[in-house]
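>>> sequence first, then the predicted structure:
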Amino acid sequence: MRGTTHGASSLSTLLFGSATVYLMVSTSQIVFLGQVLAGSGKMAYQVLDAVLIFLGGMTFGQGAPAIFLFSKMQVTSAVKLGLPLILLVGLVNLVAMGPTNAVKPALIRFAASLVDVKGRDRDIFRIGLYWGLIQIVVTTATFMLLVHFWK
């Protein structure tokens, strides 16, 4: 029963996040966002892509909705910028899954309850955010290097 109580907010985030993702995809908002980013140029796209996917992974549930959302965006962007689609979708899978979970309040509370830590949510969030920011920097740098070696 205790696990169900702690998991309720995480499940509601997944449900509402998934509904929002499907709405954004069906109304072509995500394609528009991809075209706007791609219109900024290849360098801007490479730098902003990992940040956007990281924030989407935090916002839209457990990662799977974010992967669906941003993978849809990559198809039009890859063609417009001449970037390899397999690299862009791989980036989405890497960034949108597990690491962004560490800064979600519901999952912080759940993890703290598993190890019986009370009143340390801010510390757990700071640790998760620190590693999330490192992930963005490493992913962006790796992405930029792979794009240059890919061609």
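Everything's here; your move. Residues are numbered from 1 along each chain as shown.

>>> could you pull out the helices for this structure?
Ranges of helices in the chain, per DSSP state H, are 2-26, 29-39, 42-59, 64-81, 85-96, 105-114, 121-150.

>>> what's the mean pLDDT across the shortest one?
What that stands for is helix 105-114. The pLDDT scores in helix 105-114 average 76.

>>> so which elements touch that helix?
helix 2-26, helix 121-150 (3 or more Cβ pairs under 8 Å, 6 or more residues apart in numbering; DSSP states H and E). From N, CA and C alone the C-beta is placed, and that goes for glycine too.

>>> including distance to F32, could those helices go into CSV?
Below are those laid out as CSV (distance: least, Cβ to Cβ, whole Å):
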stretch, distance to F32
helix 2-26, 9
helix 121-150, 22
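
>>> by mean pLDDT, show me the worst of those helices.
Among these, helix 2-26 scores lowest, at a mean of 75.

>>> still on that earlier bit, I'd like the helices and strands packed on helix 105-114 written out as CSV, with distance to M73 and mean neighbour count added.
Shown next, in CSV, are those (distance: least, Cβ to Cβ, whole Å; neighbours: other Cβ atoms under 10 Å):
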stretch, distance to M73, mean neighbour count
helix 2-26, 9, 14
helix 121-150, 15, 14
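
>>> number of nearby residues for G41?
For G41, the count of nearby residues is 11 (other Cβ atoms under 10 Å).

>>> look up how far A111 lies from the most centrally placed residue in the chain.
The chain has G57 as the residue nearest its centroid, 2.7 Å off, counting by Cα atoms, centre = their mean. To A111, G57 is 17 Å away according to Cβ to Cβ, to the nearest Å.
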